[in-house]
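J.: what follows is a predicted structure for the sequence shown.
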Amino acid sequence: MAHKMLRVTEADGWERSDFPITCDCCLGDNPYVRMTKANFEKECKICIRPFTVFCWRSGRDARYEKTEVCQTYSKLKNVCQVCLLDLEYGLPVQVRDTALGINTSESIPKSDVNMDVNDPVAAKLLRKAGEMPSLAPPEDMSIKTLYVGGLIDRVTEEDLKVQSYSYGEIESIRMVRQRACAFVTYTTREGAEEAADHLANKLVINGLRLKLMWQRPQIAKAEMEAAGGKNEEGTSTSAFGILSHGGMLPRALIPQQHLHPGQEQTANYFNLPPPS
């Protein structure tokens with residue numbers, strides 16, 4: 001009956017296939033999948049074209065999966081026939097095209113096959129992406145270093161270089177494995193700002209999402225001591241490099257070389273009277 005239908009003028013463009021185009025999630029982990037196949041059973045929900053419908057069960061406790069769009073639309077958009085998510089990134093079509101800057105109205109001819117699905121999930125993701133805060137550059141124009149946090153062992157210096165060099169010439173990349181971070185310094189401020197604009201909230205390396213921030217300049221320890229500042233613990237530093245606690249530290253615990261001339265070290269720091 002099918003070969004007779006294909007000879008009908010109205011059947012031009014109907015689609016017949018031997019296996020569906022699906023993602024790994026919809027197909028399931030079982031390598032032996034039993035499917036039912038029905039030629040021209042339904043119309044494509046996008047282009048209203050009759051196509052071959054496949055139905056299977058992705059797991060023992062999973063529900064039955066069924067193809068919803070034809071393979072022409074699936075190949076044109078590179079999406080799964082079941083969930084309509086991108087086969088490479090696993091994202092809705094609108095989110096993928098917006099992130100990659102793809103204008104389907106210019107790159108693909110306009111037709112019924114090129115219609116987009118009104119996906120509320122994609123609209124929600126795009127709205128959240130628009131609400132994400134941007135990375136504002138610091139006022140100090142001498143800052144040209146970006147802080148990258150959340151590193152693990154599988155992220156190498158070469159991976160950071162590949163992600164960063166396209167925005168400007170890199171002066172240095174310093175990896176700090178103990179703190180799981182890195183510092184990428186550009187030769188120009190313009191390169192650092194362009195990298196911050198493009199990579200903020202979107203820096204993903206080897207499937208790992210990393211944190212990107214501007215690095216603030218650090219005051220040298222010598223300058224802090226010369227200015228009479230305080231260290232990271234909030235205590236002042238003395239000229240001998242030891243902590244001065246306002247006289248609360250027992251004198252017996254202070255080394256002899258740190259005492260002033262003429263002072264002698266004594267263990268009587270509880271103000272007890274000397275023995276008779």
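T.: Yes, it's here.

J.: can you get me a residue count around residue 68?
T.: The criterion is other CB atoms under 10 Å. On that basis, residue 68 has 19 neighbouring residues. In this view, the C-beta of every residue, glycine as well, is placed from N, C-alpha and C.

J.: over to residue 74?
T.: Residue 74 - counted by other CB under 10 Å - has 24 other residues nearby.

J.: and what of residue 90?
T.: Taking other CB under 10 Å as the criterion, the count of residues near residue 90 is 13.

J.: ditto for the one 10 residues further on
T.: Residue 100 has 10 neighbours, counted by other CB under 10 Å.

J.: residues contacting the nearest residue to residue 198 once chain neighbours are set aside?
T.: On the basis of CB to CB, 6 or more residues apart in numbering, the spatially nearest residue to residue 198 that is not a chain neighbour turns out to be residue 167, at 6.4 Å. By CB atoms under 8 Å, 6 or more residues apart in numbering, the contact set of residue 167 is 186, 191, 194-195, 198-199.

J.: low-confidence stretches in the stretch 151-276 of the chain?
T.: Applying pLDDT under 70 to the stretch 151-276 of the chain flags the ranges 217-274, 276.

J.: quick one, strands of it?
T.: The residue ranges that make up the strands of the stretch 151-276 of the chain, judged by DSSP state E, counting those that start in this stretch, are 170-176, 181-186, 204-205, 208-209, 211-214.

J.: now tell me what touches the last one from outside.
T.: Strand 211-214 is touched from outside by 135, 137-138, 143, 145-150, 196, 199-201, 203, with contacts defined as CB under 8 Å, 6+ apart.

J.: now, which of those residues lie within helices?
T.: In this view, the contacts of strand 211-214 that belong to helices under DSSP state H are 196, 199.
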